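Visitor: Take a look and give me a structure for this.
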Amino acid sequence: MAYDAVILAGGESSSDLKKIAPYDSEALILIGKYPMIYYVYHALAASPLIDKIVISGPVDSLRSIFSREENICFVNGGNNAVESFAAAVEVLQEKGISEQVLILPTDIPFITTEAIEDFLAGCEKLGADFCYPVITKAVNEARFPGVVRTYVRLKEGIFTGGNLFLVRSQMIERSLDLAVKLVERRKNPIAMARLFGLGLVFKYLFRSLSIAAVEKRFYQMTGIKGRALISDYAEIGVDVDKPSDLLLAQEHLGEISF
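Guide: I've put the predicted structure just below:
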């Protein structure tokens, strides 16, 4: 199966990041020899499973980075991640959108082709309309000791959310409104649980909330079959949104040459 992919590259750099990397756009922050977005693109482009790639963000700046690359389309981003994704979807629809679309932010330079393909293979087995990865704290700490992440304690263990999303193209339109709310609450477990009802809030607070309960409630609210995939790749769960993350990326990726 071939997948289309969207890289969301419209995010503004945080004020703390700008103190050590003076770029307005996260995508343009230099890590070693390359802008941050190039690591994400390279991991995608190296996979034979990926068909079309659309990058949504500051088009003029992005074109200069990818002047030698093929099979990329560019579109200006919107006011938020969801608007940027919707603009990219329009481009894909014009070209014949694949059955499923992979969505990635620009601030995950640790991502690898192997991690992406493992996620896609796992999602295919689940057969869901929407897939989202979660990574255990143990896996994260083993790969990146001491990295600061937001963790949630569930019945199955302690998890952090990943930074990939796979959605069936037929479900994109009906899921956009919910996506706005999910993005806004992604770093606040209580706010996320509240979105799905007080029952989940109480279960979370009393440490009895399970992945299956969240999946069931998600379907009741949306009619969309959503599944969480437990990934063994910490590279999916670590993003660069603060100075310590950027220093970690420079340490791990600074010597890479493509």
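Visitor: contacts and neighbour counts: CA atoms only from here.
Guide: Will do.
Visitor: Name the residues that touch the helix or strand that contains Glu117?
Guide: Here Glu117, judged by DSSP states H and E, is contained in helix 113-126. Applying Cα atoms under 8 Å, 6 or more residues apart in numbering, the contact partners of helix 113-126 are 43-44, 46-47, 49, 131, 133, 166, 227, 229, 231, 233, 235-236.
Visitor: pretty sure Val134 belongs to a strand, no?
Guide: Yes - Val134 forms part of a strand when assessed by DSSP: H, G, I helix; E, B strand; the rest coil.
Visitor: What's opposite it in the beta bridge?
Guide: Beta-bridge pairing for Val134 (DSSP bridges): Gly161, Ile230.
Visitor: For Leu30, see how far away it is.
Guide: 27 Å (Cα to Cα, to the nearest Å).
Visitor: more crowded one of the two?
Guide: More crowded of Val134 and Leu30, by other Cα atoms under 10 Å: Val134, with 23 against 18.
Visitor: Hmm, Ala228 and the more buried one touching each other?
Guide: Yes - counting by Cα atoms under 8 Å, Ala228 is a contact partner of Val134 at 6.6 Å.
Visitor: Which stretches in this structure count as helices?
Guide: Using DSSP state H, the helices of the chain run over 15-20, 36-45, 59-65, 81-95, 113-126, 137-143, 172-185, 189-195, 198-205, 211-222, 243-253.
Visitor: Mind checking those for the one nearest to Thr106?
Guide: Nearest of those to Thr106, taken as Cα to Cα: helix 36-45 at 5.1 Å.
Visitor: which secondary structure elements does that closest one contact?
Guide: strand 3-8, helix 113-126 (3 or more Cα pairs under 8 Å, 6 or more residues apart in numbering; DSSP states H and E).
Visitor: Using PDB, list the CA coordinates for it.
Guide: C-alpha atoms of helix 36-45 as PDB (Å, rounded to 0.1, in the frame of the first residue of the first chain):
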ATOM      1  CA  MET A  36      15.100  20.800  11.000                       C
ATOM      2  CA  ILE A  37      12.500  20.000   8.400                       C
ATOM      3  CA  TYR A  38      15.000  18.300   6.100                       C
ATOM      4  CA  TYR A  39      15.500  15.400   8.600                       C
ATOM      5  CA  VAL A  40      11.800  14.800   8.600                       C
ATOM      6  CA  TYR A  41      11.600  14.900   4.800                       C
ATOM      7  CA  HIS A  42      14.600  12.600   4.300                       C
ATOM      8  CA  ALA A  43      13.100  10.000   6.600                       C
ATOM      9  CA  LEU A  44       9.900  10.100   4.600                       C
ATOM     10  CA  ALA A  45      11.500  10.200   1.100                       C
END
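Visitor: how much does that helix deviate in direction from helix 113-126?
Guide: Between helix 36-45 and helix 113-126, the angle comes out at 50 degrees (axes from the mean of the first three to the mean of the last three Cα atoms, to 10 degrees).
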